[in-house]
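Trainee: got a structure for you, letters missing:
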């Protein structure tokens, strides 16, 4: 069955992973001196990593909380 809570968690998780990927790419360009705007790449890369990690963490936490709630509901329905 469609579960909006789990779907939201999945979207957060995917978005967090993508932001981590972008942040890693920007930081790699910065450390290899392969960018025209090194300060902007450093700042944006660090922010993307921070926000991406936060989305991953809370998406995972929300997913696990929903799974626990679903398991508790199954146990009480039997």
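Mentor: Received it, and whenever you're ready, just let me know what you need. Just so it is clear, the model here is predicted, and its values are computed rather than measured.
Trainee: Please enumerate the helices of the protein.
Mentor: Listed in chain order, the helices of the chain (DSSP state H) span residues 4-31, 38-77.
Trainee: Mean confidence (pLDDT) on the shortest one, please.
Mentor: Averaging the model's pLDDT scores along helix 4-31 yields 93.
Trainee: Kindly report the same for the longest one.
Mentor: Taken as a whole, helix 38-77 has an average pLDDT of 90.
Trainee: still on that earlier bit, deepest of the helices of the chain, which one?
Mentor: The highest mean neighbour count among those belongs to helix 4-31 (a mean of 16), with neighbours defined as mean count of other Cβ atoms under 10 Å. No exception for glycine: its C-beta is placed from N, CA and C like everyone else's.
Trainee: That helix packs against which elements?
Mentor: Counting contacts by 3 or more Cβ pairs under 8 Å, 6 or more residues apart in numbering; DSSP states H and E, helix 4-31 packs against helix 38-77.
Trainee: Tell me which residues touch residue 9, please.
Mentor: Applying Cβ atoms under 8 Å, 6 or more residues apart in numbering, one finds that residue 9 lies in contact with 59, 60, 62, 63, 66.
Trainee: Cheers, nothing more for now.
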